[in-house]
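1. Please find the sequence and the predicted model below.
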Amino acid sequence: MNRQNLSASIANGGVGQQKLTVKMNYGTMNLLIGTGHVLAWAIMISFLHSPSSILWKGVVLILFCLMMQGVFSVMHECFHDQGHPTSWANWTLGVIEGTIFGTAYTLFRVNHEAHHVRNRSRAEIAEYIFPDESPTRKILLYYFAILGGIWLGAFVASILLPFIPYRYRLGLNRPAKSMNGYFLAFAEFSSRDWMRLRVEAAVGLLVWVSAILLLDWNWTVLSVAYAAFAFTWSSLQWIYHLRTPLDRVEGAYNLRAPLLVRWLFLNFNYNLTHHRHPAAPWQDAHALTDLKETQPLWYRYLLIFRCPEPLPADLSSIRKTYF
């Protein structure tokens, strides 16, 4: 603790020290969860390579997809500097989780920071077709995204971007009628971000090559496992925001989920709470949430497959409902 924080702690009767202790405890918990994710990742993928029955492999594949949602949740904590109070540990945790997720951590961090600025703006509206848009293009892009394209785009980008010189990044900022938040974020990368992205891609390559060689994994099983994960993760990404008011903070839902799912998601289902309290760690999200202000996760998930429709003329008609 530096001198300024120590003085503040004394002035507040030790409150500053108490908050630091809580943060350290949460940080230790997150490191343990991250370690568990890596072990579970290796064990479950290895099991999928075994001669076990298709039934058991199906069960493990479902658990794998659910567990990997939590991998993203830990990355998300690190985006907000909540993974660990020590900056290097926070970044390292994010990089490790990003590696098994299948992307470069900094690529997602920069995009997520922009999401908190652009949420429910035209750049992130996927479910409504604007009058000047091609309905066919919007619908095709929408279904590509939710059926796995969001993950696939991040995976491919993490492979290609390290080879692009930083000075050319602005050329990736492609104009579009909507759904272009991902491309707009390229204008927000610093040179340090770009260098970190390259380091993370190199770390990812080393980890993946080592795992494949040491654990004798093959591309067929890996493709099936990550195709399933790409679909489940991509189709879950927008369920919190679609058909919510066009408001940067309130344009989100808190969703009820079974306890096991909530634990595996690390409370990521409380997305509105996160937008209202972006600095709150995931451990506090449940306590900060009004459970009467929710919808079931399964209901919102089914709605994700509903076809995009014209933007309502009366934007005030876009309201949230709770049940």
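-> On my side now, so go ahead.

2. contacts and neighbour counts: CA atoms only from here.
-> Will do.

3. Look up how far W238 lies from K177.
-> Distance, K177 to W238, by CA to CA, to the nearest Å: 18 Å.

4. and those two? which has more neighbours close in?
-> Neighbours were counted for K177 and for W238 using other CA atoms under 10 Å; W238 has more, 20 against 15.

5. what does the model give the residue lying closest to the more buried one once chain neighbours are set aside for pLDDT?
-> Leaving aside its sequence neighbours, W238 sits nearest to I304 (CA to CA, 6 or more residues apart in numbering; 7.4 Å). Looking at I304, its pLDDT stands at 98.

6. In contact with I304: list those residues for me.
-> The contact partners of I304, taken as CA atoms under 8 Å, 6 or more residues apart in numbering, are 146, 235, 238-239, 242.

7. Tally up the residues packed near W263, please.
-> 15.

8. any idea which element it lies in?
-> helix 259-265 (DSSP states H and E).

9. What are the buried residues along whichever helix or strand comes after that helix?
-> With elements assigned by DSSP H and E, the helix or strand that comes after helix 259-265 is helix 271-276. Using 16 or more other CA atoms under 10 Å as the burial criterion, the residues of helix 271-276 that qualify are 271-275.

10. Which neighbouring elements make contact with helix 271-276?
-> Here helix 271-276 touches strand 254-256, helix 285-288, going by 3 or more CA pairs under 8 Å, 6 or more residues apart in numbering; DSSP states H and E.

11. From Y26, how far off is the residue nearest the centre of the chain?
-> Nearest to the geometric centre of the chain sits F72, at 4.6 Å (CA atoms, centre = their mean). Counting by CA to CA, the gap from F72 to Y26 is 17 Å.

12. Would you tell me what the next helix or strand after the helix or strand of the chain with the lowest mean pLDDT is?
-> Lowest on mean pLDDT, DSSP states H and E among the helices and strands of the chain sits helix 3-11, with a mean of 37. Next along the chain after helix 3-11, taking DSSP H and E as the criterion, comes helix 15-48.

13. Give me the distance between that next one and the centre of its chain.
-> Distance of helix 15-48 from the chain centroid (CA atoms, centre = their mean, to the nearest Å) equals 17 Å.

14. Equivalent analysis for stretch 83-100, please.
-> With CA atoms, centre = their mean, you get 14 Å for stretch 83-100.

15. Sketch out the strands for the stretch 101-250 of the chain, chain order is fine.
-> Assigned by DSSP state E, counting those that start in this stretch, the strands in the stretch 101-250 of the chain fall at 128-129.

16. Helices along that one, start to end?
-> 105-118, 135-144, 150-160, 181-184, 191-214, 219-237 (DSSP state H, counting those that start in this stretch).

17. hey, which of those is tucked in deepest?
-> helix 181-184 (a mean of 20; mean count of other CA atoms under 10 Å).

18. what packs against that one?
-> By 3+ CA pairs under 8 Å, 6+ apart, helix 181-184 packs against helix 105-118.

19. helices or strands up against the helix it packs on?
-> Applying 3+ CA pairs under 8 Å, 6+ apart, one finds that helix 105-118 contacts helix 54-79, helix 87-101, helix 150-160, helix 181-184, helix 191-214.

20. do that again at 6 Å, thanks
-> Helix 105-118 sits against helix 87-101, with contacts defined as 3 or more CA pairs under 6 Å, 6 or more residues apart in numbering; DSSP states H and E.

21. who touches the helix it packs on?
-> Helix 87-101 is contacted by residues 71, 75, 78, 83-84, 104-105, 204 when judged by CA atoms under 6 Å, 6 or more residues apart in numbering.

22. One more pass at 8 Å, please.
-> Contacts of helix 87-101 (CA under 8 Å, 6+ apart): 31, 34, 37-38, 41, 68, 71-72, 74-75, 78-79, 81-84, 104-105, 200, 203-204, 207.

23. I'd like the mean pLDDT over that helix, please.
-> pLDDT averaged over helix 87-101 gives 98.

24. chain center to that helix: distance?
-> With CA atoms, centre = their mean, you get 13 Å for helix 87-101.

25. Could you export stretch 311-323 as PDB, CA atoms only?
-> The C-alpha coordinates for stretch 311-323 follow below in PDB (Å, rounded to 0.1, in the frame of the first residue of the first chain):
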ATOM      1  CA  LEU A 311     -36.600  -0.500 -36.400                       C
ATOM      2  CA  PRO A 312     -39.800   0.700 -34.700                       C
ATOM      3  CA  ALA A 313     -40.800   4.200 -35.700                       C
ATOM      4  CA  ASP A 314     -41.500   5.000 -32.000                       C
ATOM      5  CA  LEU A 315     -38.400   4.200 -30.100                       C
ATOM      6  CA  SER A 316     -40.100   4.600 -26.800                       C
ATOM      7  CA  SER A 317     -42.000   1.400 -27.600                       C
ATOM      8  CA  ILE A 318     -38.800  -0.600 -27.000                       C
ATOM      9  CA  ARG A 319     -39.200  -1.400 -23.400                       C
ATOM     10  CA  LYS A 320     -38.000  -4.000 -20.900                       C
ATOM     11  CA  THR A 321     -40.400  -6.400 -19.200                       C
ATOM     12  CA  TYR A 322     -39.800  -8.500 -16.200                       C
ATOM     13  CA  PHE A 323     -41.400 -11.800 -15.200                       C
END
